[in-house]
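*Asks:* pasting the sequence and the predicted model now:
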Amino acid sequence: MAALACEFSFAQAQENHVVVVKNFMFSPMSLTIKAGSTVTWKNLDGEPHTVVNDAGLFRSSALDQNDTYKFKFDKPGVYKIFCGIHPNMMATITVQ
């Protein structure tokens, strides 16, 4: 029973990915995940940032320092991400 619980917890942990926003960059800038996974963005900069999908699928509010934004990617594809305040900040999420 404990082994089953450990496997379940490990599977859940694999589905959650963190992108750090720091020094006016997304890190990592490129991430490959499985469909059904959730990505969490955490802003560690002293300046506000947003997380925006270029196709309009999602857009966070302004994230202040230590704020987070989560999005669950249900469908495979390549998702281009940028900061709406600082459009030179870009990243790509590839969902398999």
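*Replies:* Thanks, I have the structure now. What you are looking at is a predicted structure, and each value in this text was computed from that prediction instead of being measured. Numbers count the residues shown, from 1 in each chain.
*Asks:* contacts and neighbour counts: CA atoms only from here.
*Replies:* OK.
*Asks:* tell me the contacts of the nearest residue to Val21 once chain neighbours are set aside?
*Replies:* Leaving out its chain neighbours, the residue that sits closest to Val21 by C-alpha to C-alpha, 6 or more residues apart in numbering is Asn43, at 4.6 Å. By C-alpha atoms under 8 Å, 6 or more residues apart in numbering, the contact set of Asn43 is Val20, Val21, Lys22, His49, Leu63, Asp64, Gln65, Asn66, Asp67, Thr68.
*Asks:* which of these sits closest to Thr32?
*Replies:* The closest of these to Thr32 turns out to be Val20 (C-alpha to C-alpha; 15.2 Å).
*Asks:* residues contacting the closest one?
*Replies:* Contact analysis of Val20 by C-alpha under 8 Å, 6+ apart lists Phe26, Ser27, Pro28, Trp41, Lys42, Asn43, Leu44.
*Asks:* what's the closest of the residues you listed to Pro87?
*Replies:* Phe26 (11.7 Å).
*Asks:* hey, what's the closest one bridged with?
*Replies:* Beta-bridge partners for Phe26, by DSSP bridges, are Val21.
*Asks:* buried ones only from the contacts of Val20, please, as a PyMOL command.
*Replies:* In PyMOL syntax, the buried subset of those is picked out as below (16 or more other C-alpha atoms under 10 Å):
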select buried, resi 26+27+41+42+43+44
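*Asks:* no more questions from me, cheers.
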